[in-house]
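> Pasting the sequence and the predicted coordinates here, then a few questions.
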Amino acid sequence: MGEPLSQSMPPRAEVEAALARIQEWPGLARSPQLARFLNYIVTARLNGNETAIKAYAIAVDVFGRPQSFDPQSDPIVRVQARRLRAVLEEYYAAEGASERVRFYLPVGRYIPEFRVPADEATTPAGESAAMGAGASAVPAPPGERSWLARLDDIVLVVVLVFVALGIAIVMTQVLAPRQVRVTVPTPPAVSVSEFTSMTAGGAPNPGVAGLAVELVTDLGLFPFIDAVYLQRNGQTAHAADFELSGISRVEGPQMQITASLKRSGSDTAVWSMTQKIAAADFPTSIDALSRAFADQLGALDGPLHSEALQWLATHVDLAGNETEYLCGLLFTRYRGSGRPDDEERARGCVNGLLRRLPDSPFALAMSSTLLLDVTRRTQPPSARDPEPIAQAERQVEEALTLAPTSSLVWREYAFFLEQVGRVGEAEAAFTSALQLNPANVDAYAGYARLLSLRGKSEKGERMAGDALRRAMAPPYWYHEAPAVNALRDGNYAEALIQAEALAAGDAELASAIAVTAARRLGSEDALNRSIAQLLEVTRFRRFGILPVLRQRLGDPELRGEIGNALAAAGVEQAALNGPY
């Protein structure tokens, strides 16, 4: 075993001299980033700024990360810390074996320790000068000090501790950034009243009146919506943000049912939707009608949430005001657009929410998805760092433990399982999400995508088409399954249309499908445009086109068709199989 080490703080001059020597060592000098890392944390420790030695500060100040850096999604500091520990061990095992002052970086922390052999530990300079003028250079034996003197020492230590704690608390309050509490939007409440029957002679239609009850049930399945039933005959109005009602009219054999939404206290409709069916089919169509209206109203990008979305557009900084509702809206916006700025806002909201509510199942589930998205985007398809994947799994499984009957959490768990290749479990998780809430259209579309990307699936094709029809404003990724299915079925014109819609947020699959479809159609303009987009996709350039497609597309036959089409279109083999 090595000689025992002391962790007492050596004199500053000795620490700085030791730092200068290791900085000149070729093993560290050839890695400027590690040299800056070590210099940064040692200097901060010498200056008494231990509280400033955080992953965020290191990432921004040393490694040039932007102010939006998120330590949970970007492992740069953890990775470089592991490298620095290895370099230090190498140095002290060879060239630095005779160093009296040694730097040590504990696992899980970034505050360095300065260690010296225990038998060489020195008393800090000036310590004797701090003693009283009349103090003896040789301390008296413990037995010669009175118990009162020892009691005085204890009291003094206790007083100093409380004074230090008080100063720390005051400084924390003074220096901490002020979080301004503002009035934030809350989940909407909507009262649903009976629909009015406009049949000949004014005779009421009991079935139309029952549509309101079905709507209350269906709207209640959506997160963040409080729906109540309101009878027209004398019942006092329920305190709600919105009022939903409607009418039905019969014209010959056809029946038209219109639902209308307005703000409480206003006569102006903010949304309306009309469904037409055969009058004879109405009694058996109430469930389908209710689901059609609810799909439009209940979506997080639907009319019930429009004012909250407008509020978010004008309140960019949510520091201290994060709620599950607001984070859910931002997360849904990112899920629908795939834009980096939407991702940054969603991540900031979720991280802030977790700091205040670490046991929020919604926040944990959303955080898991955001973390996994970054991992998929930044790491090689065949050699991903297992640490963030394990962290994402811990978060989503904890969310399931906290909310085992949440369709939203099961949906995010299914997305996690799909991305890590546990396809059978993902299918079961999507099924659970839909059993808990059939109105979860994202889960429906996700299930369709899972089935379609694995191979030919009639169920997947049907569900993919249904999801597009049910969504008020389908997110870009709803077009993944229709694009793949159209290409597989030889419907190249439709594949090109779906690929163009998919390109809004997924340039990888969109460009590969578009090149294949355009070549099959013989469309030179579309082919040139698609190849130009394909060759600029970041992950294709970093890892190769086919390695990325193998990660994304589980159908080997279709992957082969796409690969052959890309090669025939002039894409070089080097670009197909590796970085370019």
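In hand now; what should we look at? Keep in mind it's a predicted model, so treat the numbers as computed, not measured.

> how is the chain carved up into domains?
Split into domains by automatic domain parsing, the chain comes to 5-120, 189-298.

> Now tabulate the ones you listed in TSV and tack on distance to Asn485.
(C-beta placed from N, C-alpha, C; glycine too.) Below are those laid out as TSV (distance: least, Cβ to Cβ, whole Å):
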stretch	distance to Asn485
domain 5-120	32
domain 189-298	22
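
> Quick check: nearest residue in space to Gly336, chain neighbours excluded?
Nearest residue to Gly336 in three dimensions, chain neighbours excluded: Pro475, at 3.6 Å (Cβ to Cβ, 6 or more residues apart in numbering).

> For that neighbour, which residues are in contact?
Arg335, Gly336, Ser337, Asp442, Ala445, Gly505 (Cβ atoms under 8 Å, 6 or more residues apart in numbering).

> List only those of those flagged as buried.
Arg335, Gly336, Asp442, Ala445, Gly505 (16 or more other Cβ atoms under 10 Å).

> ok, so of the residues you listed, who is nearest Ala13?
Among the buried ones among the contacts of Pro475, Arg335 lies closest to Ala13 (Cβ to Cβ), at 56.1 Å.

> Does that closest one touch Asp442 like I think?
Yes: Arg335 lies in contact with Asp442 (Cβ atoms under 8 Å); the separation is 7.3 Å.

> Name the residue closest to the centre of this structure, please.
Leu370 (2.3 Å; Cα atoms, centre = their mean).

> Report the mean confidence score over stretch 69-87.
Average pLDDT, stretch 69-87: 80.

> Pull out the buried positions in that stretch.
Buried residues in stretch 69-87 (16+ other Cβ under 10 Å): 69-77, 80-81, 84, 87.

> okay, these in JSON lines with distance to Ala279 and secondary structure next?
Formatted as JSON lines, the buried residues of stretch 69-87 follow (distance: Cβ to Cβ, whole Å; DSSP: H, G, I helix; E, B strand; the rest coil):
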{"residue": "Phe69", "distance to Ala279": "61", "secondary structure": "coil"}
{"residue": "Asp70", "distance to Ala279": "56", "secondary structure": "coil"}
{"residue": "Pro71", "distance to Ala279": "61", "secondary structure": "coil"}
{"residue": "Gln72", "distance to Ala279": "57", "secondary structure": "coil"}
{"residue": "Ser73", "distance to Ala279": "55", "secondary structure": "coil"}
{"residue": "Asp74", "distance to Ala279": "60", "secondary structure": "coil"}
{"residue": "Pro75", "distance to Ala279": "62", "secondary structure": "coil"}
{"residue": "Ile76", "distance to Ala279": "65", "secondary structure": "helix"}
{"residue": "Val77", "distance to Ala279": "67", "secondary structure": "helix"}
{"residue": "Gln80", "distance to Ala279": "71", "secondary structure": "helix"}
{"residue": "Ala81", "distance to Ala279": "71", "secondary structure": "helix"}
{"residue": "Leu84", "distance to Ala279": "76", "secondary structure": "helix"}
{"residue": "Val87", "distance to Ala279": "80", "secondary structure": "helix"}
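
> Save those as CSV, and put in distance to Pro32 too.
Shown next, in CSV, are those (distance: Cβ to Cβ, whole Å):
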residue, distance to Pro32
Phe69, 20
Asp70, 25
Pro71, 22
Gln72, 26
Ser73, 25
Asp74, 20
Pro75, 20
Ile76, 15
Val77, 16
Gln80, 12
Ala81, 16
Leu84, 13
Val87, 13
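
> Let me know the closest of those to Glu387.
Pro75 (6.6 Å).

> mind checking how far that closest one is from Gln391?
To Gln391, Pro75 is 10 Å away according to Cβ to Cβ, to the nearest Å.

> buried set for the host helix or strand of Ile497?
Under the criterion of DSSP states H and E, Ile497 resides in helix 492-502. Within helix 492-502, the residues that qualify as buried by neighbour count (16+ other Cβ under 10 Å) are Tyr492, Glu494, Ala495, Leu496, Ile497, Gln498, Ala499, Glu500, Ala501, Leu502.

> Show me the contact partners of that helix.
Helix 492-502 is contacted from outside by 476-477, 479-480, 482-483, 486-487, 509-511, 513-514, 516-518, 520-521, 523, 526, 530, using Cβ under 8 Å, 6+ apart.
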